[in-house]
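J.: Any chance you can model this:
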Amino acid sequence: MTAQAPFNNRDCDIILHSTNGVDFHVFKFILSLMSPIFKDMFTLLQSEVQSDVSSVPVITVTESSTTLESLLLLCYPAATPTFDSWDDAKAVMEAARKYDMQVALSRAGDLVMAQFLPNHFLELYALSCQFRWQHHVQTAATRALEIKDLGRPSNVFNGMWDITALDHHRLLEYHYKCGIAAQAVRRSLS
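T.: Model (predicted):
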C-alpha cells in the first residue's frame with residue numbers, strides 16, 4: 001500500500017517501507033539534509049545498487065506508518081503533523097532521535113508543547129529534560145506549580161522513569177522556591 005500525499009510521488013528516488021506495510025515514496029536529498037544517518041545509509045546503498053537496475057530502492061524501517069508519516073512531515077517543507085496521542089508523539093520523537101534528525105526533533109518538541117501542555121506538563125517536563133530543551137523545561141515546570149502536593153511520594157508521573165534524580169530534584173526545588181516567593185508576596189500585601 002502506498003502512503004498518501006505528499007509521500008506518493010512516483011518520481012521519488014527511494015521508498016521507505018513501514019512495519020505495517022505502507023510505502024512512503026520520498027526523496028533522498030530531503031532525507032539526507034535532515035539526517036546524517038539517512039545520508040550514510042544512502043551512500044552505502046548507492047555502492048550496492050547495480051547501475052542497470054531501474055527500480056527504486058526500498059528500505060524497510062522499524063517504524064509504523066503513523067510514526068513514519070509524522071516524522072517525514074517534520075522533514076518536508078511547509079508540512080506540519082498533528083499527533084493523535086501522547087504515545088504517537090513520543091514515538092515520532094524517538095524515531096527523530098534514532099535517525100539523528102535534530103531539526104525535526106526540535107520542531108516536534110515545539111508541536112508537542114503546544115498540543116499537550118495543558119494535560120501532560122509533568123511528562124513534558126521529563127521529555128524536555130531528556131532532550132535538553134531548557135525553554136520547554138521552564139514552561140513545563142511553571143505549569144507544574146498547579147500541583148499543590150508535587151513533592152509527596154504518591155505523585156508519580158509517567159515520564160519520571162525517563163529523567164534523572166537531579167532533574168526531579170530541580171523540579172521540586174523550583175516548586176518549593178516559587179511557593180516561598182508566593183507566600184512572601186501574600187504577606188507583603190496583607
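
J.: Any idea how many residues pack against residue 40?
T.: 12 (other Cβ atoms under 10 Å). C-beta coordinates here come from the backbone N, C-alpha and C atoms, glycine included.

J.: From residue 102, how far out is it?
T.: From residue 40 across to residue 102, the span is 15 Å (Cβ to Cβ, to the nearest Å).

J.: Kindly report the same for residue 43.
T.: In terms of Cβ to Cβ, residue 43 sits 19 Å off from residue 102.

J.: For the chain, name the helix or strand with the lowest mean pLDDT.
T.: helix 36-48 (a mean of 81; mean pLDDT, DSSP states H and E).

J.: buried stuff in that one?
T.: For helix 36-48, a neighbour-count test (16 or more other Cβ atoms under 10 Å) marks 38, 41-42 as buried.

J.: go on, stretch 84-101?
T.: Neighbour counts using 16+ other Cβ under 10 Å place 86, 88-93, 95-96, 99, 101 of stretch 84-101 among the buried residues.

J.: Pull the residues that contact it.
T.: For stretch 84-101, contacts defined as Cβ atoms under 8 Å, 6 or more residues apart in numbering pick out 34-38, 63-64, 66-68, 70-71, 74-75, 81, 83, 102, 104-105, 108-109, 111-112, 115-116, 120, 123, 127, 131.

J.: Using PDB, write out every CA atom in it.
T.: Taking C-alpha atoms only, stretch 84-101 is exported to PDB below (Å, rounded to 0.1, in the frame of the first residue of the first chain):
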ATOM      1  CA  ASP A  84      -3.200  11.600  17.600                       C
ATOM      2  CA  SER A  85      -1.900  10.800  21.000                       C
ATOM      3  CA  TRP A  86       0.900  11.400  23.500                       C
ATOM      4  CA  ASP A  87       2.300   8.000  22.700                       C
ATOM      5  CA  ASP A  88       2.300   8.800  18.900                       C
ATOM      6  CA  ALA A  89       4.200  12.000  19.600                       C
ATOM      7  CA  LYS A  90       6.800  10.100  21.800                       C
ATOM      8  CA  ALA A  91       7.300   7.500  19.000                       C
ATOM      9  CA  VAL A  92       8.000  10.200  16.500                       C
ATOM     10  CA  MET A  93      10.500  11.900  18.700                       C
ATOM     11  CA  GLU A  94      12.200   8.600  19.400                       C
ATOM     12  CA  ALA A  95      12.400   8.000  15.700                       C
ATOM     13  CA  ALA A  96      13.800  11.500  15.100                       C
ATOM     14  CA  ARG A  97      16.500  10.800  17.800                       C
ATOM     15  CA  LYS A  98      17.300   7.400  16.200                       C
ATOM     16  CA  TYR A  99      17.900   9.000  12.800                       C
ATOM     17  CA  ASP A 100      19.600  12.000  14.300                       C
ATOM     18  CA  MET A 101      17.100  14.400  12.800                       C
END
